[in-house]
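S.K.: output the structure for:
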Amino acid sequence: MWSSKILLVTAGAALLVFAALLIGFYSKSSFSEEALFYFNEDFLGRASEYQRISLQIYLARTLIMWAALAGILLFSWRHFSRLAPISLSHAAAYIALIFLALYLLTLPLDYYRGFVLESRFGLTAHTPATWAMDYLINRSISLLLTVLSFTGLYALMQYYPSRWWYIAGVFSALFIIAGTYLYPLIIDPLFYNFEPLQDEAMNSRIIIMAEDVGIQVDEVLVADASRKTTKANAYFTGLGGSKRIVVYDTLLSGFSQHEALAVIAHEIAHWKYAHITKGILLGIGQAFITLFLLSLVLKELSITQAAASRADFRAIIIAIIFFTLISFVSMPIQNAISRAFEREADLMAIELTRMKELQVTLHKNLAQANLSNVEPHPLIKAVLYTHPPTLERINLAR
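M.R.: So this is what the prediction gives:
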């Protein structure tokens, strides 16, 4: 049956995506005349070096993860086939051990990428201790949610061996919706302190811009990001009553008021176009498709069709690997959609600010603050870029 080839095809597609990144990484390119028109060569060289090292670490980390998962699969296939059915508590313990091992294995690269590299290029305000604390909080949350999710999946496979995948899809949908609502209320405050924007004149401008497109913005929150980074950013997050626009204090202190307003106009556009809601729907759709494909794979492997008392833990190992591969393979599609959303928001921001030249200046300054690669290789852009590269955004404003 064709379903027996799903895992193999997914693995092959993941290798193709990885190969595309390698081609982009090893392709030599000089700076275009357009890039040199907007940026000096020193900045372009520094940004290019920063991005190349970041990509190199990402590629190495991906290979390490895949190799580790392959090793876990080989071990589990022999080990769990000889064991009696394991309980949910034992399953949770095994899942926790698997992900703890993966976290420890990738910790050196995470530290180098998250702290050493950022320090080298002057992009972090962290100390090793504060970076470690943020990392520990992040990983603890991730581990808790991962263990709960995969233990719940194992329980569904155990008690509903023929219907588990669409029940899991319903729970995934509820989790995505609840997570989107709760993230800005529970998770974000663990990493940043938030205060309402104090500039009354700026608040008035924001309210007027929002009213122009029929959106009500009660307040804009400022995150104390300068404790952690020198990068500038803003984002729109939440759902329903938790909706909010957040700007980094580095944006307010390092950019002009007009530039900050242009960034906020971009976030208002995300609100107007319901990009978060569309993202939720796309995420739910992907979850159902992925779970359905996984059910076909497991059915062919005959490890979820036993009686309710005989759930096979190897199905969870396959699920972990399959979700990892699908997530990697789907990146080009997800990021193409994200870039389309960002272009929509850029166009509306131009309409709201009525100053095209301001957008050009803003994107130049953002690129310099964040050491952005202004014209990445097309393959790298296609796979990894959630936003259009800087030169594309400048040309859109032109």
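S.K.: show me the strands in the stretch 51-200 of the chain, by range?
M.R.: For the stretch 51-200 of the chain, applying DSSP state E, counting those that start in this stretch gives strands covering 194-196.
S.K.: poorly predicted segments of the stretch 101-250 of the chain, please.
M.R.: Nowhere does the stretch 101-250 of the chain drop to pLDDT under 70.
S.K.: the nearest residue to Y183 once chain neighbours are set aside and D312, how far apart?
M.R.: In space, and not counting its chain neighbours, Y183 is closest to T237: 6.7 Å by C-beta to C-beta, 6 or more residues apart in numbering. From N, CA and C alone the C-beta is placed, and that goes for glycine too. Per C-beta to C-beta, to the nearest Å, T237 is found 39 Å from D312.
S.K.: hang on, the residue nearest to Y183 packs against P184?
M.R.: Yes - the pair T237 / P184 is scored as a contact, 4.7 Å apart, by C-beta atoms under 8 Å.
S.K.: what's the overlap in contacts for those two?
M.R.: Listed as contacting both T237 and P184 by C-beta atoms under 8 Å, 6 or more residues apart in numbering are 244, 246.
S.K.: apart from its chain neighbours, what residue comes closest to F323?
M.R.: Per C-beta to C-beta, 6+ apart, closest to F323 is T290, 6.7 Å.
S.K.: so the one you found touches T324, yeah?
M.R.: No - in this structure T290 lies outside contact range of T324 using C-beta under 8 Å: 11.0 Å.
S.K.: circling back to that earlier point, T237 and D312: which is more packed in?
M.R.: D312 (24 against 18; other C-beta atoms under 10 Å).
S.K.: that one belongs to a strand, doesn't it?
M.R.: No - the assignment for D312 (DSSP: H, G, I helix; E, B strand; the rest coil) gives coil, which keeps it out of a strand.
S.K.: can you tell me the closest non-neighbouring residue to S330?
M.R.: Q286 (6.6 Å).
S.K.: now for the residue nearest to F323, how many residues are close by?
M.R.: There are 22 residues near T290, going by other C-beta under 10 Å.
S.K.: tell me the pLDDT of it.
M.R.: Per-residue pLDDT puts T290 at 96.
S.K.: what's the answer for A84, then?
M.R.: 64.
S.K.: then E259?
M.R.: pLDDT recorded at E259 is 89.
S.K.: contacting residues for it?
M.R.: 358, 361-362, 365.
S.K.: go on, E342?
M.R.: Contacts of E342 (C-beta under 8 Å, 6+ apart): 386-388.
S.K.: repeat for R227
M.R.: Counted by C-beta under 8 Å, 6+ apart, R227 has contacts 125, 130.
S.K.: skipping adjacent residues, who's closest to F150 in space?
M.R.: I95 is the one closest to F150 (C-beta to C-beta, 6+ apart), at 4.8 Å.
S.K.: A201: which of the contacts of E342 is nearest?
M.R.: H387 (28.8 Å; C-beta to C-beta).
S.K.: where's the residue nearest to that closest one when sequence neighbours are not counted, which helix or strand?
M.R.: Take H387 and drop its neighbours on the chain: the residue closest to it by C-beta to C-beta, 6+ apart is E342, 4.8 Å away. For E342, the element it lies in under DSSP states H and E is helix 331-353.
S.K.: how about the following helix or strand past that helix: buried residues?
M.R.: Counting by DSSP H and E, the next helix or strand C-terminal to helix 331-353 is helix 356-370. By 16 or more other C-beta atoms under 10 Å, the buried positions in helix 356-370 come out as 358-370.
S.K.: so what touches helix 356-370?
M.R.: Taking C-beta under 8 Å, 6+ apart as the rule, helix 356-370 contacts 38-39, 43, 47, 123, 230-233, 250, 254-255, 258-259, 262-263, 346, 349-350, 353, 372, 374, 390, 393-394, 397-398.
S.K.: show me where the stretch 1-150 of the chain has its helices.
M.R.: Remark: helices assigned in the stretch 1-150 of the chain by DSSP state H, counting those that start in this stretch are 6-26, 33-38, 41-79, 88-111, 117-120, 128-159.
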